[in-house]
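In: Give the three-dimensional model of this entry:
(2 chains)
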Amino acid sequence: MSASHNQPTGFTNPVIKWIDYRLPIFSYIEKEYHTFPTPRNFNYFWNFGAIATVMLVLMIVSGIALAMHYTPHVDYAFNSVERIMRDVNFGWLLRYMHMNGASFFFIAVYVHIFRGMYYGSFKAPRELLWILGVVILLLMMATAFMGYVLPWGQMSFWGATVITNLFSAIPWVGDSIVTWLWGGFSVDNPTLNRFFSLHYLLPFVIVGVVGLHVVALHVHGSNNPTGIDPKGPQDTLPFHPYYTMKDGFGLTVFLTIFAIFVFFAPNFFGESVNYLVANPLATPEHIVPEWYFLPFYAILRSVPDKLIGVLAMFASIGVLFILPWLDRAKVRSGAFRPIFKVAFWFLIVDCLVLGYVGANPPEGFLVWLGRLGTLYYFFHFVILLPLLSKIETPLPLPNSIAEAVLKKSGHAPAAAE
Amino acid sequence: MTGFRFSRLVAGVAVLAGIGTAAYAASEAMSPHVEPQKWSFDGPFGTFDRAEVQRGFQVYRDVCSACHGLSLVAYRNLTDLGLKEDEVKDLIKDIQVQDGPNDVGEMFDRNAKLSDRFKKPFANEQASRAANNGAYPPDLSLLAKAAETESEGGIPVIRSFITKLHNTGADHIFGVLTGYRDYSKLTAADRISLGIPANFKLGEGMYFNIHFKGFQIAMPPPLENGTVTFFGDAPNKLDDMARDVATFLTWAAEPKMEERKRTGVKVVLFLLAMAGLMYAIKRKIWSNVAH
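Out: Modelled structure (predicted):
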């Protein structure tokens, strides 16, 4: 914080002045969320960081209320959730917001990640910012997985069984690790209890890492659709009111879509068998994870060897950690990279295909589609991106953000304010 | 610029919809087909038809409750169906439930209270199996949400929104109740058109049902034309009763559905108005900046 000793702050309200002199929270907010210079050319894809933050808060608030009524015990968990649905005042709303909130949190975060990939937001000097983001993604996945186990329905139980069993693939110590994770010799009450405990803990860890993510962001400021750095005040706008308002609008649209699902199709993203209580003696015909895990699940199943499959699944996220060193192209934004742009959309299609494969039983041509999709996924990151960084000729970059903006909106540069 | 991005969005949605349709079609083939029915509670404004849901309760009470529990529903909840508290009290006045222990440590029977959950037909699963030829009639509280006609192997993410708005669990219940056929009278052509596998064999003590998974069910046909006589001589053909009880069980699975939709209309209208306002302000603020 640059508000160094004895610097006048410009606040006139004596209470604010008094507090700020001792604890500069008002200077901080002023600097980071009001006057903070922000590129003037964001498109609506830049809304999703703010949207994801709001979803995180919404998940924590609804989750805390749900935890007040939930019982983490194998004999009571399922019925306690139904009690929330039936007898707790607006319990159905809390539960459906939390259920669908997980999906919409992932939607926001996935858009946010792909936006970062397309516009090169992970490139220097934002590598650590990106890595912290991948850490957030991993924490979210762990949290979502454990949360899905809590209602103790059929898919909760069998999903937990399948995923925890993955660790048995580790040579020598695998089985011991699984027993340790379970707290016993099968997914049972100790498992449910520790999942509840961790499901309550991890969101606050996410809040912490989001804090670091924002700190890292505010060192060099946001990237922008042109990928070139702001060169002066003509390239930026104060964060407030320009982007508070634009984020506010985007957020409201996002929440409207969220509300449509919560109130009119609350089980859209869910699996109907999870309305059957967990039964260790009856395996559901198909065990499928929640949609946001499907591409990774497809990668896991595409490899015939269990250990290598597990490694491939973790590597599919692990590869994101080193993305800044795989895609070394000097030009950040995909808008000026003709070949990369195409490759990016191929990756999107590949992820959708993997999601489709993950949702369906691995039979017939889907097995091969899954393998092809998995190979292409790694090909994109490990071979194509480093190669493109070397051979691709980027389009000429605009001289400044302001120039790019004014050309696009048809103003003569003289009209710039 | 905006138009360009919008067209890209449309293309994305179209891709998703395409995959969704394919996945839906693929999953549909895996379980017996049930013709989707029209329900009073369909759609964003649908509510439970009160007469229908009351008759459905009567079907449950007179027929289903002999074997199937409804353990998540309390007697007091019946007032949601449009019954008065006194009427519900009158309905349960002969029901005895076990309570206790009393102050000498013994269990005792007492009259059911409004706050009691529906009494289970059997003390436990073992007693239930013993009385039902080894089969276990499931609790019906959540059947309408747990059973979907097309759930197996489906791709939940992109299954069509419309399908999800429609209650397929009710279709399943209606389908099974009306799906009993005399297997011995089936022709080879029938078998092919129903998709019955060539090696199909009707099990001992099982009943043939064209709408149940695997085409056989342990439950004997519970309803036939006229099984239940309704107040005011409401129609009581098999289809009518199946429809009534499917409506009742959908209510039992999601008793807050009407409140949810009512609230939803207000929330979505509010958010739309809010979004409009936000957009107007955003435009005004940005009007002095070229962008």
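In: Give the burial count for residue A:136, as a bare number.
Out: 23 (other C-beta atoms under 10 Å in any protein chain shown). All C-beta spots, glycine's among them, are computed from the backbone N, C-alpha and C.
In: and it, what pLDDT?
Out: In this model, residue A:136 is scored at 98, pLDDT.
In: how about the nearest residue to it, chain neighbours excluded?
Out: Residue nearest to residue A:136 in three dimensions, not counting chain neighbours: residue A:209, with 5.2 Å by C-beta to C-beta, 6 or more residues apart in numbering or on different chains.
In: Residue B:76 now?
Out: Taking C-beta to C-beta, 6+ apart as the measure, residue B:76 lies nearest to residue B:114, with 4.2 Å between them; neighbours along the chain are not counted.
In: would you list every one of the strands in the stretch 201-350 of chain A?
Out: Ranges of strands within the stretch 201-350 of chain A are A:236-238, based on DSSP state E, counting those that start in this stretch.
In: can you map out the helices along it?
Out: Per DSSP state H, counting those that start in this stretch, the stretch 201-350 of chain A has helices spanning A:244-264, A:294-302, A:306-321, A:323-326, A:338-359. These are given in chain order.
In: Tabulate those helices in TSV, adding columns for mean pLDDT, mean neighbour count and distance to residue A:71.
Out: Written out in TSV, the entries for the helices of the stretch 201-350 of chain A read as follows (pLDDT from 0 to 100; neighbours: other C-beta atoms under 10 Å in any protein chain shown; distance: least, C-beta to C-beta, whole Å):
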stretch	mean pLDDT	mean neighbour count	distance to residue A:71
helix A:244-264	97	20	24
helix A:294-302	96	24	30
helix A:306-321	96	17	32
helix A:323-326	97	17	42
helix A:338-359	96	19	31
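In: And for residue B:130, the neighbour number?
Out: As a burial measure, the neighbour count of residue B:130 was computed by other C-beta under 10 Å and equals 11.
In: Name the helix or strand for it, please.
Out: Under the criterion of DSSP states H and E, residue B:130 resides in helix B:125-131.
In: Any part of that helix near chain A?
Out: No: between helix B:125-131 and chain A, judged by C-beta under 8 Å from any C-beta of the partner chain, nothing touches; the nearest distance is 10.9 Å.
In: Just the buried residues of stretch A:379-390, please?
Out: By neighbour count with 16 or more other C-beta atoms under 10 Å in any protein chain shown, stretch A:379-390 contains the buried residues A:379, A:380, A:381, A:384, A:385, A:388, A:389.
In: and that stretch, how far out from the chain's middle?
Out: Relative to its parent chain, stretch A:379-390 has a centroid offset of 24 Å by C-alpha atoms, centre = their mean, to the nearest Å.
In: For that stretch, measure first residue to last.
Out: As for stretch A:379-390, its first-to-last residue distance stands at 16 Å under the measure C-alpha to C-alpha, to the nearest Å.
In: How about residues contacting it?
Out: Here stretch A:379-390 makes contact (C-beta atoms under 8 Å, 6 or more residues apart in numbering or on different chains) with A:319, A:323, A:326-329, A:337, A:339-340, A:343, A:346-347, A:350.
In: okay, those residues in a markdown table with distance to residue B:280 next?
Out: What follows is these, written out as a markdown table (distance: C-beta to C-beta, whole Å):
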| residue | distance to residue B:280 |
| --- | --- |
| A:319 | 44 |
| A:323 | 39 |
| A:326 | 44 |
| A:327 | 40 |
| A:328 | 44 |
| A:329 | 40 |
| A:337 | 36 |
| A:339 | 41 |
| A:340 | 37 |
| A:343 | 39 |
| A:346 | 39 |
| A:347 | 37 |
| A:350 | 40 |
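In: so which helix or strand takes in the residue in the stretch 151-291 of chain B that chain A sits nearest to?
Out: At 2.5 Å from chain A, residue B:264 is the closest residue in the stretch 151-291 of chain B, using C-beta to the nearest C-beta. With elements delineated by DSSP H and E, residue B:264 resides in helix B:257-286, which encompasses its position.
In: Look at the closest residue to chain B within the stretch 1-150 of chain A and give its secondary structure.
Out: Of all residues in the stretch 1-150 of chain A, residue A:92 sits closest to chain B, with a separation of 4.4 Å (C-beta to the nearest C-beta). Using DSSP: H, G, I helix; E, B strand; the rest coil, the secondary structure recorded for residue A:92 is helix.
In: Can you name the residues that contact the closest residue in space to it that isn't next to it in sequence?
Out: The shortest distance from residue A:92 to any non-neighbouring residue, by C-beta to C-beta, 6+ apart, is to residue B:256 (4.4 Å). Residue B:256 makes contact with A:85, A:86, A:92, according to C-beta under 8 Å, 6+ apart.
In: Quick check: phi and psi on residue B:256?
Out: Recorded main-chain torsions at residue B:256 are phi -90, psi 10, according to degrees, to the nearest 10.
In: low pLDDT regions in the chain?
Out: In the absence of a named chain, chain A is used. Within chain A, the set of residues satisfying pLDDT under 70 comprises A:1-9, A:411-417.
In: meant chain B, my bad for not saying
Out: For chain B (pLDDT under 70), the answer is B:1-32, B:148-167.
In: can you tell me which residues contact the closest residue to chain A within the stretch 1-150 of chain B?
Out: Per C-beta to the nearest C-beta, residue B:146 is where the stretch 1-150 of chain B lies closest to chain A, at 3.9 Å. Neighbouring residues of residue B:146 by C-beta under 8 Å, 6+ apart: A:272, A:273, A:275, A:276, B:169, B:253.
In: Once you drop chain neighbours, what's closest to it?
Out: Leaving aside its chain neighbours, residue B:146 sits nearest to residue A:275 (3.9 Å; criterion: C-beta to C-beta, 6+ apart).
In: Tell me how many other residues crowd the one you found.
Out: Neighbouring residues of residue A:275 were enumerated by other C-beta under 10 Å; the total is 26.
In: Confirm for me that it is in contact with residue A:153.
Out: Yes: counting by C-beta atoms under 8 Å, residue A:153 is a contact partner of residue A:275 at 6.2 Å.
In: So which residue is dead centre in chain A?
Out: The structure's chain A has its C-alpha centroid closest to residue A:109; by C-alpha atoms, centre = their mean the separation is 3.1 Å.
In: that older thread, and the residue nearest to residue B:146, what does it touch?
Out: Contact partners of residue A:275, counting by C-beta under 8 Å, 6+ apart, are A:153, B:142, B:145, B:146, B:253.
In: and if we set it to 6 Å?
Out: Contacts for residue A:275 were tallied using C-beta atoms under 6 Å, 6 or more residues apart in numbering or on different chains; they are B:142, B:145, B:146.
In: ok, those residues vs residue B:95, which is closest?
Out: residue B:142 (22.3 Å; C-beta to C-beta).
In: Pull up the gap between the closest residue to that closest one other than its chain neighbours and residue B:217, please.
Out: Spatial nearest neighbour of residue B:142, excluding adjacent residues (C-beta to C-beta, 6+ apart): residue A:275 at 4.5 Å. Using C-beta to C-beta, to the nearest Å, one obtains 20 Å as the distance from residue A:275 to residue B:217.
In: got it, and residue A:225?
Out: Applying C-beta to C-beta, the value for residue A:225 to residue B:217 is 59 Å.
In: For those two, indicate the residue with more neighbours.
Out: Comparing residue A:225 with residue B:217 by other C-beta under 10 Å, the one with more neighbours is residue A:225, at 22 against 19.
In: In contact with the more buried one, which residues?
Out: With C-beta under 6 Å, 6+ apart as the criterion, the residues that contact residue A:225 are A:41, A:43.
In: Would you report the backbone torsion angles of it?
Out: Listed backbone geometry of residue A:225 is phi -60, psi -20, with angles given as degrees, to the nearest 10.
In: For it, give its distance to residue A:284.
Out: Using C-beta to C-beta, we find residue A:225 at a distance of 45 Å from residue A:284.
In: for residue A:217, same thing?
Out: Taking C-beta to C-beta as the criterion, residue A:217 is separated from residue A:284 by 42 Å.
In: same question, residue A:181
Out: 22 Å.
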